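Peer 1: Structure for the following, please:
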Amino acid sequence: MLISVSGSSPMSCAPIRTQPSAARRATTAPADHAPDDDALAADLVDLVIRELSIHKRPREVRFVDRPAAQRDGQGPEDPPALLTTVYFALRCQACSGLPREEARRSGTTATPPPRACAADSREPGEPAYGGGMPSLRHRAIVAALTHTPLGRRPQDEAGMDAEMQAAQLRPRRFAPPRSLDRHVALRLLRDHGWRTYELAPRGAALPQRRVVYFHGGGYVAEVDPHHWGLTRRLATSAPARVLVPIYPLAPGAHADTTVPTAADIVADVVAEAGDPRLVTLCGDSAGGGMALAVAQTLRDRGIADIDGVALILIAPWLDVTMSDPAIDPEATRDPMLSIARLRRAGELYAGPLDLRDPRVSPIYGSVAGLGPMTIFVGTRDLLLHDARRLREAAEAHGIQVDYHEAEGLIHVWPILRVPEAAAARAHMVTAIRRSQR
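Peer 2: Model (predicted):
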């Protein structure tokens, strides 16, 4: 078998040999394979991770199998030995790996049987994030963030500002992907000077339920495909009309204008729906903070029955000061976020406002009088304690809180393409439907 990694430079290939007997032992007894197999697989994983750190396109890592006639006696129906060994090592050891679908994309048959390891053993109906080791795909994302240039971003103020200026010079596309047209009806609105996309299930009658989704990105990055994937799912499964406001980013816009405009858009949605219980505010990360700030703003404006508007918050960023003494980067081991980058983004978003202004950091505002909340967060997330603080504050005011804290999962895991997200999204759909009652 050949592990092939292609990048911007000419393809580099690393041929690796393994003994068929060791591979067969890994195939037939994955839970207790021999230490020699583990060592071999660990070396191979290190090789892949090292190649990932050199090349800048990790998704192009491919396992290229030898022809069946050259497999030293392996029948064509047997899974390729090396990939099987690596696969089980990744599943049974506390290390990061490659997605299971990698074998299918490479045309091999190396897809080991499901539930072969305690990491994937769950009772029927049990949420995928209910406990145990994170999925292989989740660990692959952690590996990519940790061992490749994806995770090597400037941490100093000058470097971050330069990165932001480059992004402003060549802004990322925010338009919804064309693939959405197969699932939902798209409509572009112009709400209070902002572009707002509405996603609705195809059909003659529009749903009564409304969802307003504020995307994450630290207030400095545009909506991305993960957000469109989630909003499509909410639109078709709830079903609901989902609005995605494309709000202006910092440093070109600040919370003193962004939050009131967002509140104006939501107020129009509530008025059009005719019943606040038909409206749900959603958001991930910075978008979760904005959703909470908007709910607080509408309450302060005296919008009737605002406690009927439900909130679904995914790893919400609620305190841009990043000064909570409970935050422990060493314990969290967050591969995606850093305190320095978050704090700088928060300063840019705050503009002339104090960092503790509730429009910037809604955790410093009151949650009294707000509607029921559904909160998702992982324990490998720097924003874990923001979610915990919000839960405590909401419960102290008698607000119904459906709280989901997933052990070992990273920032905004419910919007990522990982197995654990499926159960979380199902909970979101249930919360949207329940809010009408």
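Peer 1: Please identify which helix or strand holds residue 336.
Peer 2: Using DSSP states H and E, residue 336 maps to neither a helix nor a strand.
Peer 1: where does the stretch 301-437 of the chain dip in pLDDT?
Peer 2: The stretch 301-437 of the chain contains residues with pLDDT under 70 at 435-437.
Peer 1: And the strands in it, which stretches?
Peer 2: Secondary structure of the stretch 301-437 of the chain (DSSP state E, counting those that start in this stretch): strands at 310-314, 373-380, 401-410.
Peer 1: out of those, deepest packed?
Peer 2: strand 310-314 (a mean of 27; mean count of other CB atoms under 10 Å). Using the backbone N, CA and C atoms, a C-beta is placed for each residue, glycine as well.
Peer 1: So which residues of this structure form helices?
Peer 2: Taking DSSP state H as the test, the helices found in the chain are 20-28, 35-54, 81-92, 101-105, 136-147, 157-169, 225-237, 255-273, 286-300, 329-332, 339-350, 384-396, 420-434.
Peer 1: and of the ones you listed, who's closest to residue 184?
Peer 2: Evaluated over the helices of the chain, closeness to residue 184 peaks at helix 225-237, with 5.1 Å, by CB to CB.
Peer 1: What lies in contact with the closest one?
Peer 2: Helix 225-237 is contacted from outside by 176-177, 180, 183-184, 199-201, 211, 213, 215-216, 240-242, 244, 282, 284, 412, 414-417, 425, 428-429, 432, using CB atoms under 8 Å, 6 or more residues apart in numbering.
Peer 1: of the residues you listed, buried ones?
Peer 2: Taking 16 or more other CB atoms under 10 Å as the criterion, what is buried in these is 176, 180, 184, 199-201, 211, 213, 215-216, 240-242, 244, 282, 284, 412, 414-416, 425, 428-429, 432.
Peer 1: re earlier: can you list the helices of the chain in JSON lines and add distance to residue 377?
Peer 2: Output for the helices of the chain, formatted as JSON lines (distance: least, CB to CB, whole Å):
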{"stretch": "helix 20-28", "distance to residue 377": "36"}
{"stretch": "helix 35-54", "distance to residue 377": "27"}
{"stretch": "helix 81-92", "distance to residue 377": "25"}
{"stretch": "helix 101-105", "distance to residue 377": "27"}
{"stretch": "helix 136-147", "distance to residue 377": "15"}
{"stretch": "helix 157-169", "distance to residue 377": "25"}
{"stretch": "helix 225-237", "distance to residue 377": "16"}
{"stretch": "helix 255-273", "distance to residue 377": "22"}
{"stretch": "helix 286-300", "distance to residue 377": "10"}
{"stretch": "helix 329-332", "distance to residue 377": "11"}
{"stretch": "helix 339-350", "distance to residue 377": "15"}
{"stretch": "helix 384-396", "distance to residue 377": "4"}
{"stretch": "helix 420-434", "distance to residue 377": "11"}
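Peer 1: Tell me which of those sits nearest to residue 322.
Peer 2: Closest among those, using CB to CB: helix 339-350, at 4.8 Å.
Peer 1: buried stuff in that closest one?
Peer 2: Buried residues in helix 339-350, counted by 16+ other CB under 10 Å: 340-350.
Peer 1: now the angle from that helix to helix 255-273?
Peer 2: Here the directions of helix 339-350 and helix 255-273 differ by 70 degrees (axes from the mean of the first three to the mean of the last three CA atoms, to 10 degrees).
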